[in-house]
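Peer 1: Got a predicted structure plus its sequence, pasted below:
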Amino acid sequence: MFNRTVNDRMLMGKYSVSDTELIQLHERSSLEGISKQAEGVRYRLQGGLLDSFLERNKNLIQLMIRKKSLYTNSFHFPYLIMLADHNGVVQYIDGDEESVNEADSRFNIGVGSSMGISSAGTNAISASIYLKRPTCLMGMHHYLKIFSSWVSICIPIYSSKDEPLTYLMFASGHKIPYLFLIPFLETLASYLQTEVRKYDLKEIEWLMEESIERSLGHYNLSNREKEVAKYWLMDLDYRQIADIVGISEHTVRVYVGKINSKLGVKSKASFILKVLIGI
């Protein structure tokens, strides 16, 4: 039905979208009231909404800018690279100048544009969101006629909680050796996933540290005692705490004794349990 050979499907492997899946995606596009003849995507953030969106995604945008050297001047054909959030809203877009300008002026695609199925019909991003996996679409597999010459590949990127955080898409309006692009995209996606998970862990550590300090605030501890108590709660030993805080191991032991006395506990285990109950 979609003029695709069995060999095509085998070559694309996990990126392949079956005819049944394409029919479902196209039916959803139609139910959303999308016209195949539409000259651009339907929705795009503007003004304050766009500013807020960019602020929320600034870390991810900076990651892509830092890795721009991976693809700048590497492709000798028109192309677009995008990141879109879990709703399909474009967080970042890059490519050759002509393709970026055409996407913006002709198709209304730029930062803040929605590539979700209710705005842009079936495309690699909306397909990956719907199918919850990587996808590759070619030509008429796309719902909108303006994308009928595209080859588009999309890879979901997950947070440390294994929730979809962003979608990396590569698209070109020319016949391209898409199978050779997949290793490049997987390398870039792997880097992004590793880095966003680092941000997640840092945020978790910060929240945990804030919770610990708030809980310790219920007790009459000096600033130094709070500092030692925080690391003691993190299960560091006397030497490790001494190195971090910049005092002797003996002084750490003295502080731990004072902390235990003020909290009415006699062991590290009972100290941890008492503080954790308060968090």
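Peer 2: Cool, the structure landed. Computed from a prediction, not measured in an experiment: that's the story for all the values here.

Peer 1: can I assume residue 40 sits in a strand?
Peer 2: No. If the criterion is DSSP: H, G, I helix; E, B strand; the rest coil, then residue 40 is coil and not within a strand.

Peer 1: That one touches residue 105, doesn't it?
Peer 2: No. Between residue 40 and residue 105 there is no contact under Cβ atoms under 8 Å: 9.4 Å. The C-beta positions use only the backbone N, C-alpha and C, and glycine is treated the same way.

Peer 1: neighbour count winner among the two?
Peer 2: Between residue 40 and residue 105, counted using other Cβ atoms under 10 Å, the more crowded position is residue 40 (17 against 11).

Peer 1: And that one, how far from residue 107?
Peer 2: In this view, residue 40 and residue 107 are 5 Å apart by Cβ to Cβ, to the nearest Å.

Peer 1: Also residue 18?
Peer 2: 27 Å.

Peer 1: Those two: which is more packed in?
Peer 2: Applying other Cβ under 10 Å to residue 18 and residue 107 shows that residue 107 carries more neighbours, namely 17 against 12.

Peer 1: Contacts only, for that one.
Peer 2: With contact set as Cβ atoms under 8 Å, 6 or more residues apart in numbering, residue 107 has these partners: 39-41, 146.

Peer 1: mind running it again at 10 Å?
Peer 2: Listed by Cβ atoms under 10 Å, 6 or more residues apart in numbering, the contact set of residue 107 reads 38-41, 113, 120, 144, 146-147.

Peer 1: got it, and residue 79?
Peer 2: Per Cβ under 10 Å, 6+ apart, neighbours of residue 79: 71, 94-96, 99-100, 151, 170-174, 176, 181.

Peer 1: what's the answer for residue 221, then?
Peer 2: Counting by Cβ under 10 Å, 6+ apart, residue 221 makes contact with 227-230, 255, 258-259, 262-263.

Peer 1: Can you turn the buried part of those into a PyMOL selection?
Peer 2: Selection of buried members from the contacts of residue 221 for PyMOL, criterion 16 or more other Cβ atoms under 10 Å:
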select buried, resi 227+228+229+230+255+258+259+263
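
Peer 1: Among the contacts of residue 221, show me the least confident.
Peer 2: Here the lowest pLDDT out of the contacts of residue 221 sits on residue 230, with 83.

Peer 1: what secondary structure does that residue sit in?
Peer 2: Under three-state DSSP, residue 230 comes out as helix.

Peer 1: So it is in contact with residue 275, correct?
Peer 2: Yes. With contact defined as Cβ atoms under 10 Å, residue 230 and residue 275 form a contacting pair (9.5 Å).

Peer 1: got any residues that touch both of those two?
Peer 2: 212, 215-216.

Peer 1: Could you export the residues you listed as JSON lines, including distance to residue 47?
Peer 2: Shown next, in JSON lines, are the shared contacts of residue 230 and residue 275 (distance: Cβ to Cβ, whole Å):
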{"residue": "212", "distance to residue 47": "40"}
{"residue": "215", "distance to residue 47": "42"}
{"residue": "216", "distance to residue 47": "44"}
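
Peer 1: Identify the residues contacting residue 157.
Peer 2: The contact partners of residue 157, taken as Cβ under 10 Å, 6+ apart, are 60, 83, 164-168, 188-197.

Peer 1: just checking, which of those belong to helices?
Peer 2: Within these, residues falling in helices by DSSP state H are 60, 188-197.

Peer 1: for those residues, which one is nearest residue 30?
Peer 2: Ranked by distance to residue 30 (Cβ to Cβ), the ones in helices among the contacts of residue 157 are led by residue 189 at 30.5 Å.

Peer 1: Just give the nearest non-adjacent residue to the closest one, would you?
Peer 2: Counting by Cβ to Cβ, 6 or more residues apart in numbering, residue 155 is the residue found nearest to residue 189 once chain neighbours are left out, at 4.4 Å.

Peer 1: mind listing what that neighbour touches?
Peer 2: Residue 155 sits next to 15, 124, 128, 133-136, 166-170, 182, 185-186, 188-190, 192-193 when contact means Cβ under 10 Å, 6+ apart.

Peer 1: if we can go back for a sec, lowest-confidence entry in the ones in helices among the contacts of residue 157?
Peer 2: In terms of pLDDT, the weakest of the ones in helices among the contacts of residue 157 is residue 197, which scores 75.
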